[in-house]
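>>> Mind looking at a prediction? Sequence and model below.
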Amino acid sequence: MRYRIFLLLFIMLFVLTGCAKTAGGSDTLQPQASISAPAAFEYGEIDSILDNAGPLYTYLLYPHTGIPAIDPEITNWASQLYENAINDVTALAVTDAEAEGELNVQYNSYLLGGAYAGIEEIGSYINSGMAHSLDFFKTFNIDIAGGTLLSNDQILDASKTEEILKLISDKLIAIYPDEAGSLDGLDMALFDNIVLTHEGIKILIARGTILPTYLGPQQIGLTYEELGDAYILPDGHAVPPASSEQYPGEASGQNPGGDSATIPPPIDPNRPMVALTFDDGPSAATSRILTLLKENGGRATFCVVGNRVENYADTVSQASAQGCQVIGHSWDHKDLTKLSAESVRVELEGTADIIEAANGIRPTMYRPPYGAVNDSVKAVSQELGFSLINWNVDTLDWKTKNADKIYAAVMKDVSDGSILLCHDLYDTTADAMERVIPELVAQGYQLVTVEELLSFSQESVVPGNVYTAR
Ligand code: ZN
């Protein structure tokens, strides 16, 4: 089963790479500038593969469930996907030394009454030989008590296939009335990726699977009511969430440092200072880092991914209450240099909006994903009043995932005025901070926000400019 999906993905990569080249980059293939809904994290803890160094820039998120029979399935899927994409970019590099790619995969997880969970991975891949990105999906449906993955046959009654296909085709025709002809002879085998949600079954259809490629991917929802007795999972949606049930996002937002706002210590401009920055959160690790900062009288800057903020709004407001700075890191971690100016605008404003909704403070800075910037990104940033914050010390925590190595990387390169790059996605990063934060303080460094650090710089902070240190 898994092999077949990888094979399909490989074929799709191949076909779309070829097709994109002949399509000549037609503008009609570009998706409209918009941001996705805030992500749902109701089940599992976050795990990830990040690659900030290229040539395959990667932001690949997936959940860790703690179920022994399931985690290897998800992890293997993720690492195989990453490897396939690496191989694809490597193959491209044979004829183009500058070849690079971007793999962006995010997930939503839905918890249905504690009995079942649905996970949808939504991905896109692009390389420098493609005119537009390849969208793809992967779903996992989980029987939590049984500790197993559910097959489609356990969710939908195979003997009701005709009825289910009719529901799907009616919904597609309602959206694409001109495409009725493409929907003759629909086959349930086309729908590998179905996911359990609170409202019903969502069917994720990759670009070009059923409808013409230029129409993009489709997502069709069939409510439990519409499905009727074609839906056969016992009590799948009937069980209300138990009152003790805590979703990971909510659990992490329990004001880790307490409710009381703390008054940041005054900064002595004559003493050394550094700015710790944490990208890609918030996550459960953020709360641990906030507690460490509070205990040591330090502050940091959190560069948050917009679609994660709603689930961790309490964490964001707690960070602000502790005197930390919260800035954007785009809505969904896309490489902004590969987006249209309008899409960049939407990414930056959408993220600033949701941060402001969480903590009441509209950011005036952001960190571009991968630190990637070009003239167009700078121009949009200037127009919107954002300065861009990169770094001069990379702790490589995304690569080593090793607390000792992260600690060593900080201590080797830190100096007065540094902006340090870390990621509050990993327990290993939080583990490292248990030593890094007290040690920096012991060495006489003041732990300040980027905004504070740059306020003691010779030059004033200008929208559209990129800053890497004081
Ligand atoms: Zn990032």
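Sure thing, it's come through. Residues are numbered from 1 along each chain as shown.
>>> quick one, helices of the stretch 351-470 of the chain?
375-384, 397-400, 403-413, 427-442, 450-455 (DSSP state H, counting those that start in this stretch).
>>> want to try a markdown table for these, with mean pLDDT as columns?
What follows is those, written out as a markdown table (pLDDT from 0 to 100):
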| stretch | mean pLDDT |
| --- | --- |
| helix 375-384 | 98 |
| helix 397-400 | 94 |
| helix 403-413 | 98 |
| helix 427-442 | 97 |
| helix 450-455 | 97 |
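>>> Now do the SS call for the residue in the stretch 51-200 of the chain that the ion sits nearest to.
As assessed by Cβ to the ion, the ion sits closest to residue 59 within the stretch 51-200 of the chain, at 6.3 Å. Yep, even glycine has a C-beta here, placed from its N, CA and C like the rest. With DSSP: H, G, I helix; E, B strand; the rest coil as the basis, residue 59 sits in strand.
>>> and the residue nearest to it when sequence neighbours are not counted, what pLDDT?
Spatially, and ignoring its direct neighbours in sequence, residue 59 is nearest to residue 333 (4.2 Å; Cβ to Cβ, 6 or more residues apart in numbering). Confidence at residue 333, expressed as pLDDT, is 97.
>>> where does the chain dip in pLDDT?
1-32, 235-264 (pLDDT under 70).
>>> per-domain residue ranges of it.
Split into domains by automatic domain parsing, the chain comes to 1-242, 252-467.
>>> Using JSON lines, lay out the ones you listed together with mean neighbour count.
Listed next are the domains of the chain as JSON lines, based on neighbours: other Cβ atoms under 10 Å:
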{"stretch": "domain 1-242", "mean neighbour count": "17"}
{"stretch": "domain 252-467", "mean neighbour count": "20"}
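>>> Distance-wise, check residue 284 relative to residue 208.
38 Å (Cβ to Cβ, to the nearest Å).
>>> cool, and residue 125?
On the measure of Cβ to Cβ, residue 125 and residue 208 end up 14 Å apart.
>>> pretty sure residue 420 is touching residue 389, no?
No - Residue 420 lies out of contact with residue 389 (Cβ atoms under 8 Å); the separation is 11.6 Å.
>>> okay, and the common contacts of the two?
In terms of Cβ atoms under 8 Å, 6 or more residues apart in numbering, residue 420 and residue 389 are both contacted by the residues residue 277.
>>> Quick one: classify the residue located most distally from the centre of the chain as helix, strand or coil.
If you look at how far each residue of the chain sits from its centre, by Cα atoms, centre = their mean, the farthest one is residue 270, at 39.1 Å. Secondary structure, three-state DSSP: residue 270 is coil.
>>> which ones are touching it?
Residue 270 touches nothing, counting by Cβ under 8 Å, 6+ apart.
>>> Any chance of the backbone angles for it?
phi -90, psi -10 (degrees, to the nearest 10).
>>> do residue 332 as well
phi -140, psi 20.
>>> Helix or strand: which one has the nearest residue to it once chain neighbours are set aside?
Among residues not flanking residue 332 along the chain, residue 307 sits closest, at 5.4 Å (Cβ to Cβ, 6+ apart). With elements taken from DSSP states H and E, the one containing residue 307 is helix 306-309.
>>> just checking, what packs against that helix?
helix 341-359 (3 or more Cβ pairs under 8 Å, 6 or more residues apart in numbering; DSSP states H and E).
>>> now with 10 Å?
strand 101-112, helix 313-321, strand 325-328, helix 341-359 (3 or more Cβ pairs under 10 Å, 6 or more residues apart in numbering; DSSP states H and E).
>>> can you pull the contacts of the residue of the stretch 51-200 of the chain closest to the ion?
When contacts are counted by Cβ atoms under 10 Å, 6 or more residues apart in numbering, residue 59 touches 48-52, 102-106, 279-280, 305, 330, 332-335, 369-370, 398.
>>> at 8 Å instead, please
Counted by Cβ under 8 Å, 6+ apart, residue 59 has contacts 48, 50, 103-106, 280, 333, 369.
>>> separation between residue 289 and the ion?
Separation of residue 289 from the ion (Cβ to the ion, to the nearest Å) stands at 16 Å.
>>> Can you report phi and psi for that residue?
phi -70, psi -40.
>>> likewise residue 132?
Torsion angles, degrees, to the nearest 10, at residue 132: phi -150, psi 160.
>>> Please consider this matter closed, and thank you.
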